[in-house]
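Asker: With the input below, show me the fold.
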Amino acid sequence: MLFFITISIILVNVIMLIFSSFKLIVTNLEINNSNNKIMPIYELKIAFYLLGKIKLFSFKINNNKTKKILEKDFIKQKIENIKIKSHEKSKKQKKFQIKILKQFIKKLELESINLLIYVDTKNVILTSYFVGIISSIIPNILKENIKNFDSKHHIFKITPLYKNQNYIYIKLNCIINIKIVHIISMYKLGNKYKGGKKYERSPYRRFNVNCYGKY
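Answerer: Okay, here's the model as predicted:
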């Protein structure tokens, strides 16, 4: 009897974990090309929600903390190892991994977004043309990829400056929901691929089935 109770508790915990999620909260991400350099400033908060509802823990990281972490020797070594492994991969391997990553990105839930862009070039006509293209592309992308699109929670605005300079400023606030089940699916498929098995059309379909099922 005790055995079955233990198994039941374990199964319930596993199911609760699978249906849980992480939330990536991006606050005041600012990117601009002042001094001819792209300078990102940001604060990220990652929170774990049990069953997608109950917050258990969270931690924050910003651009200063990230810079300090990347300056550590063992981190630099790991990054270098990743670069070496990346160069050693075949085009077929890279293509497969890009496909898997695209499918994973499609399953991310964008709960809210506030994206502001200020742009300018040294040519007034070019600035207007660029603003027009971006103004038509980004809203369509948001509407197509957000299940419950709401203009109050999904905001985009681009403003031309017309000051005769090559300048861009981007400010982003958003909340992204990442389900554990999708992380597990991608991790399992990645491990199988590392094991040397060849994956063509059929396993890719299996991944899509996992991703597009109802959870």
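
Asker: got the contact list for the longest helix along the chain?
Answerer: The longest helix of the chain (DSSP state H) is helix 124-145. Residues outside helix 124-145 that contact it (C-beta atoms under 8 Å, 6 or more residues apart in numbering) are 106, 110, 113, 115, 117, 119-121, 149, 154, 156, 158-162, 164. C-beta here means a position set from N, CA and C on the backbone, and glycine is covered the same way.

Asker: For the closest residue to Asn32 other than its chain neighbours, which residues count as its bridge partners?
Answerer: With sequence-adjacent residues excluded and distances taken as C-beta to C-beta, 6 or more residues apart in numbering, Asn32 is closest to Tyr169, at 4.4 Å. Following DSSP bridges, Tyr169 is listed with bridge partners Asn32, Tyr118.

Asker: ok, now which ones touch Tyr169?
Answerer: 30-32, 117-119.

Asker: run the last query once more with 10 Å
Answerer: Tyr169 sits next to 30-34, 116-120, 159, 161 when contact means C-beta atoms under 10 Å, 6 or more residues apart in numbering.

Asker: Check Ile183 too.
Answerer: Residues in contact with Ile183 (C-beta under 10 Å, 6+ apart) are 18, 21-22, 104, 107.

Asker: ok, so of those residues, who is nearest Tyr187?
Answerer: Phe104 (10.2 Å; C-beta to C-beta).

Asker: Just the buried positions in the helix or strand hosting that closest one, please.
Answerer: Using DSSP states H and E, Phe104 falls within helix 91-106. For helix 91-106, the neighbour count (16 or more other C-beta atoms under 10 Å) marks 96-97, 100, 103-104 as buried.

Asker: Dump those residues to TSV, plus distance to Asn13 and pLDDT.
Answerer: Formatted as TSV, these follow (distance: C-beta to C-beta, whole Å; pLDDT from 0 to 100):
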residue	distance to Asn13	pLDDT
Phe96	33	74
Gln97	31	73
Ile100	28	76
Gln103	28	74
Phe104	25	76
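
Asker: For those, could you give me TSV that also reports distance to Phe4?
Answerer: Rendered in TSV, the data for these read as follows (distance: C-beta to C-beta, whole Å):
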residue	distance to Phe4
Phe96	42
Gln97	42
Ile100	38
Gln103	38
Phe104	36
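
Asker: what angle separates the helix or strand hosting Leu110 from helix 124-145?
Answerer: Leu110 belongs to strand 109-120 when assigned by DSSP H and E. Angle, strand 109-120 to helix 124-145, by axes from the mean of the first three to the mean of the last three C-alpha atoms, to 10 degrees: 180 degrees.
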